[in-house]
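> Please find the sequence and the predicted model below.
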2 protein chains.
Amino acid sequence: MLNKKIKSASIVIIGNEILSGRTQDKNINYIAKELFKSGILLKYVCVIPDEKKIIVNEIRRLKKKFDFIITTGGIGPTHDDITAESISLAVKKSYVLHKDAYKELVKYYKKIKSDLTDARKKMAYMPKGSKLIKNSVSGAPGFQIENIFVFAGIPSIAEAMTKEFLKIIKVKNKFYSTSITTKLFESKIAHILEKAENSYHDVSIGSYPIYDGKPRGVEIVISSMANKANVLKAKKFISSQINKII
Amino acid sequence: MLNKKIKSASIVIIGNEILSGRTQDKNINYIAKELFKSGILLKYVCVIPDEKKIIVNEIRRLKKKFDFIITTGGIGPTHDDITAESISLAVKKSYVLHKDAYKELVKYYKKIKSDLTDARKKMAYMPKGSKLIKNSVSGAPGFQIENIFVFAGIPSIAEAMTKEFLKIIKVKNKFYSTSITTKLFESKIAHILEKAENSYHDVSIGSYPIYDGKPRGVEIVISSMANKANVLKAKKFISSQINKII
């Protein structure tokens, strides 16, 4: 069994537009998949409004609990974009102009032949001591301060920043995961799955109904952070037990 | 101005499959929209794993803070469906067979000509004193205990239960909301929006970049829980200021 320390992560989605239902979040699922592929355990996600006090409290609460905090949203040029300022407060650093971020903005707006207005200049302000997270899509970078990684909310930019994040943290574990699909109902196999989970150390077993208006069976997902052998043993056990029922 | 007390809500999504990225959540956006239409303020959403201790802690923390807590997921028949048992612990009630829930299951499985196995019977267990939330899709009901409303995770069932929830709580306020679309960039209008939000009491203004690879302008959403007159005044002000720039 590998003895790597598994890293944990949390995502904080900042945006009234998600809470009002105006916008469907697309970042949770994308980032969750990328973390899973890199063997980082996503343990908590929350969605909070664009309110300074709430952002400060939530960041302070979560940054102690998880190895990495990723935020999305609220780093644009308008008055409701208060993430960078709020995170400065949360980590008790001054909210200052980052020179390299400013250079990125100058370069980008020159390229697209548009003005670097005061509102846009705001996007170079962040907690003192932040490291930039490159934005390959639209100039304005995200940033890292302590274990907090601040991404834009627009999905194409959040995706690009997720890739940068994975380069920065250099964590690369491996999940072992496999699945079995059966037409049997969940209720028919519940006892088998429970027995398998209890029998094989380090293995986690999820069962997901396949449902398209009517139940069509179940997908069983068997996974482990550290023990590939037991994933395969559990799969073999479950398959043989299911075959006995059929 | 209306003087109704605005009710607040929180959603707790329970499911490892969301955190691993295996499944894209569809319930947050649906429920958020329905709450918004009914004038209930969704203030917090979180996604947590199928772990008893975490569910108990999170439910206890949130049930004090918001008028309504809605949970989705983890009320099926398999070993990883531990929501009902965890919520019993959270509210310190015994986890018991609900007679009417059991009758619903008997009726449903008779109708679809399938067995009411022990695993399925588990779906009639919930905290003592719970009221049922009807499941018009697949038999097994959700339940309400105190200010906690427990829904299934499968989107079609969660949607049906959201409708039942709105019937049960009988809250019906009204948001006033309108929007302006402009091809101007956010940075060009940021000062106008800030001035409008400061000038019109009770009005909240959001600005959302329209983005399809390249920025295409902004949608400005002007809304209020209580003050329709100011929503209209703010809209008029913003439109006239934008026309000056164009």
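Yep, it's here. Predicted model, so just to flag it, every value in this text is computed and none were measured. Numbering: from 1, shown residues only, chains lettered A, B, ... in the order given.
> Name the next helix or strand downstream of the lengthiest strand in chain A, please.
Determined from DSSP state E, the single longest strand within chain A is strand A:215-224. Counting by DSSP states H and E, the element after strand A:215-224 in chain order, helix or strand, is helix A:228-245.
> List the buried residues in that next one.
A:228, A:230, A:231, A:232, A:233, A:234, A:235, A:237, A:238, A:242 (16 or more other Cβ atoms under 10 Å in any protein chain shown). Heads up, the C-betas are built off the backbone N, CA and C, glycines and all.
> residues in contact with the helix or strand bottoming out on mean pLDDT in chain A?
Every helix and strand in chain A was compared by mean pLDDT, DSSP states H and E; the lowest is strand A:204-211, with a mean of 85. By Cβ atoms under 8 Å, 6 or more residues apart in numbering or on different chains, the residues outside strand A:204-211 that reach it are A:181, A:186, A:189-190, A:193, A:196-197, A:215-224, A:234, A:238, B:16-17, B:22-23, B:50, B:76, B:78-80, B:154, B:156.
> what's the residue of chain A most remote from its centre in contact with, if anything?
Going by Cα atoms, centre = their mean, the residue of chain A most distant from its centre is residue A:244, 39.8 Å out. Residues near residue A:244 by Cβ under 8 Å, 6+ apart: none.
> hmm, try it at 10 Å
By Cβ atoms under 10 Å, 6 or more residues apart in numbering or on different chains, the contact set of residue A:244 is residue A:192.
> how near is it to residue A:14?
For residue A:244, the distance to residue A:14 (Cβ to Cβ, to the nearest Å) stands at 51 Å.
> Name the residues of stretch A:153-171 that are buried.
Buried, per 16+ other Cβ under 10 Å, within stretch A:153-171: A:153-154, A:157-162, A:164-166, A:169, A:171.
> hmm, I was thinking of stretch A:49-61
Neighbour-count burial for stretch A:49-61 [16+ other Cβ under 10 Å]: A:49, A:50, A:51, A:55, A:56, A:58, A:59.
> do stretch A:84-93 and chain B meet at all?
No. If you take Cβ under 10 Å from any Cβ of the partner chain as the test, stretch A:84-93 misses chain B, and the best it gets is 13.7 Å.
> so for that stretch, what's the average pLDDT?
Model confidence over stretch A:84-93, given as mean pLDDT, is 98.
> if we can go back for a sec, turn the buried residues of stretch A:49-61 into TSV, columns for secondary structure and distance to chain B.
Output for the buried residues of stretch A:49-61, formatted as TSV (DSSP: H, G, I helix; E, B strand; the rest coil; distance: Cβ to the nearest Cβ, whole Å):
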residue	secondary structure	distance to chain B
A:49	coil	7
A:50	coil	8
A:51	coil	9
A:55	helix	12
A:56	helix	15
A:58	helix	9
A:59	helix	14
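> Tell me the one among those nearest to residue B:119.
Residue B:119 has its nearest neighbour among those in residue A:58, at 37.8 Å by Cβ to Cβ.
> centroid residue for chain A?
residue A:31 (3.8 Å).
> Give the closest residue to that residue in space, chain neighbours not counted.
Sequence neighbours aside, residue A:162 is the residue nearest to residue A:31 in space, at 5.4 Å (criterion: Cβ to Cβ, 6 or more residues apart in numbering or on different chains).
> Residue A:45 now?
Closest to residue A:45 by Cβ to Cβ, 6+ apart is residue B:47, at 3.9 Å.
> tell me the angle the helix or strand harbouring that neighbour makes with strand A:41-48.
Element membership of residue B:47 [criterion: DSSP H and E] is strand B:41-48. Between strand B:41-48 and strand A:41-48, the angle comes out at 180 degrees (axes from the mean of the first three to the mean of the last three Cα atoms, to 10 degrees).
> Can you list the strands that strand B:41-48 pairs with?
Each strand paired with strand B:41-48, and its direction, by DSSP bridges: strand A:41-48 (antiparallel), strand B:8-14 (parallel).
> among the ones you listed, which is the most enclosed?
strand B:8-14 (a mean of 24; mean count of other Cβ atoms under 10 Å in any protein chain shown).
> How far does that one sit from its chain's centre?
Chain-centre distance of strand B:8-14: 6 Å, with Cα atoms, centre = their mean, to the nearest Å.
> if we can go back for a sec, okay, angle between the least confident helix or strand of chain A and helix A:228-245 too, please.
Using the same axes, to 10 degrees: strand A:204-211 against helix A:228-245 is 40 degrees.
> Kind regards, and thank you for your time.
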